[in-house]
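Asker: 3D model of this:
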Amino acid sequence: MNYPIYLDYNATTPCAPEVIEAMIPWFGEHYGNAASKSHAYGWVAENAVEAAREQIANLIGAQVKEIIFTSGATEAINLAVKGTFELFKGEKQHFITCQTEHKAVLDTMKSIEESGAEVTYLPVDNHGKLSVKELQSSILPHTKMIALMWANNETGVIHPITEIAKLAEEKGIIFFTDAVQAAGKIPVSVGGIHLMAISAHKLYGPKGIGALYIRHNHSLPKPLAQIHGGGHEKGFRSGTLNVPAIVGFGKAAEMRLYEMKEESKRLEKLRDFLEIGLLRLPDSFLNGSQDRLSHVTNIAFGGVEGEDLLRKICQKLAVSSGSACTSISPKPSHVLQAMGLDADLGRASIRFSLGRNTTEQDILDAVGWVEKVVGELRGY
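Answerer: Prediction:
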């Protein structure tokens, strides 16, 4: 198939060749169940899982025992939020999150609201940034959790996580962060954080595997399990472990720890080159702030219809208008709406996210194609 140029790395990343190579033996030669404690097949699988757990812990500065494997970030988010809500069942509960969170967080918050929780959805300014002062004033005596993402999946905007973690620590509140777009892209540390969701397929690992960091040796409680049946993963998440995917996740985490600094610099130059080219077009605007991930740009193109724009651009460029979960929806992005963009401009906004395989020629071709499409749609 003649694929378009791929500029949708925030939706998913290709498995790195080294990751695929690391995974292959665990599909065939080493097929044991990591929970089989009585023979060598199980021991070998368990050792591989624990080695991967250490690689992932190293990426985020955690202890090995604090990494709990899940089927992905969405499950990790559900375990963190619902598990905390159920922990305090019978008590008055208040959770704080933000209007620009990923739908995996927002939908989970709606779910616990329907079960009796009170949830505050913090607003953001027109650059997508939240106010820590407003966050602080939102804290109530019965606030159980602050749930805020590290970096936004649509705009790349980075929240002041260190400041938020300090506030949560001072107030004795559980702080959960969705670090899916940050881990492996920028340095991430679990200092002051109680729960953190990460995902392999956003950092050149396989799909279908993620993890929840759960802080140990702290007075704040841990979430209750949401999946039962065997007590795997220290009782937090039952189910036979996906050993090949876990091995791939570990390899990807190990690679990103050493690659991401230099790769980030390279991608920032390419991203800026792309941005300069696209913002030269009349009536085009950057959505977000400069305090963002180095490989992401989200640009609004005025004077065009959003669905036509996306359909035509995607003939030669793989891009999206929002998160992968909602990119086929004709509705404007909830993130851009929260930032105050009107509906038409929100629908005519495109997220470009660069990655490991992006070249300078890709960017030159992308700028040329977008210029052509926008010009045609505007009748130039």
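Asker: and residue 3, that one's in a strand?
Answerer: No. Counting by DSSP: H, G, I helix; E, B strand; the rest coil, residue 3 is not part of a strand but coil.
Asker: For it, which non-adjacent residue is spatially closest?
Answerer: Taking Cβ to Cβ, 6 or more residues apart in numbering, and ignoring the residues beside it in sequence, residue 3 has residue 318 as its nearest neighbour in space, at 7.3 Å. For glycine as for every other residue, the C-beta is placed from the backbone atoms N, C-alpha and C.
Asker: is that neighbour in a bridge, and if so with what?
Answerer: residue 6 (DSSP bridges).
Asker: And it, how far from residue 379?
Answerer: Separation of residue 318 from residue 379 (Cβ to Cβ, to the nearest Å) stands at 26 Å.
Asker: between the two, which one's more packed in?
Answerer: Ranked by neighbour count (other Cβ atoms under 10 Å), residue 318 and residue 379 place residue 318 first, with 16 against 6.
Asker: The more buried one touches residue 4, doesn't it?
Answerer: Yes. At 4.8 Å, residue 318 counts as touching residue 4 under the criterion of Cβ atoms under 8 Å.
Asker: Overlap in contacts, the two.
Answerer: The overlap between the contact sets of residue 318 and residue 4 (Cβ atoms under 8 Å, 6 or more residues apart in numbering) is empty.
Asker: Next secondary structure after the helix ranked longest in the chain?
Answerer: Assignment by DSSP state H gives helix 243-279 as the longest helix of the chain. Past helix 243-279, further along toward the C-terminus, the next helix or strand under DSSP states H and E is strand 284-286.
Asker: average pLDDT for the next helix or strand after that following strand?
Answerer: Per DSSP H and E, the first helix or strand lying C-terminal to strand 284-286 is strand 296-301. Mean pLDDT, strand 296-301: 97.
Asker: Equivalent analysis for stretch 353-363, please.
Answerer: Averaging pLDDT along stretch 353-363 yields 98.
Asker: pLDDT weak spots in this structure?
Answerer: Within the chain, the set of residues satisfying pLDDT under 70 comprises 322-330.
Asker: again, only using 50
Answerer: Counting by pLDDT under 50, the chain has low-confidence residues at 326-327.
Asker: Show me where it has its strands.
Answerer: Per DSSP state E, the chain carries strands over the ranges 5-6, 67-70, 94-98, 118-122, 143-147, 174-178, 195-199, 210-214, 284-286, 296-301, 317-318, 349-353.
Asker: most tightly surrounded among these?
Answerer: Of the strands of the chain, the one with the most neighbours on average (mean count of other Cβ atoms under 10 Å) is strand 195-199, at a mean of 29.
Asker: who does that strand pair up with?
Answerer: With DSSP bridges as the test, strand 195-199 pairs up with strand 174-178 (parallel), strand 210-214 (antiparallel).
Asker: Specify the angle between it and helix 243-279 in degrees.
Answerer: Strand 195-199 and helix 243-279 are oriented at 80 degrees to each other (axes from the mean of the first three to the mean of the last three Cα atoms, to 10 degrees).
Asker: and strand 195-199, how far out from the chain's middle?
Answerer: Centroid separation for strand 195-199 versus its chain: 8 Å, with Cα atoms, centre = their mean, to the nearest Å.
Asker: now stretch 279-294
Answerer: With Cα atoms, centre = their mean as the basis, the mean position of stretch 279-294 lies at 21 Å from the chain mean.
Asker: can you pull the buried residues of that stretch?
Answerer: For stretch 279-294, the neighbour count (16 or more other Cβ atoms under 10 Å) marks 281, 284, 286-289, 292-294 as buried.
Asker: what separates residue 5 from residue 300, distance-wise?
Answerer: Remark: distance between residue 5 and residue 300 (Cβ to Cβ) = 21 Å.
Asker: Ignoring the adjacent residues along the chain, who's closest to residue 51?
Answerer: Once flanking residues are discounted, residue 51 sits nearest to residue 250: 6.3 Å by Cβ to Cβ, 6+ apart.
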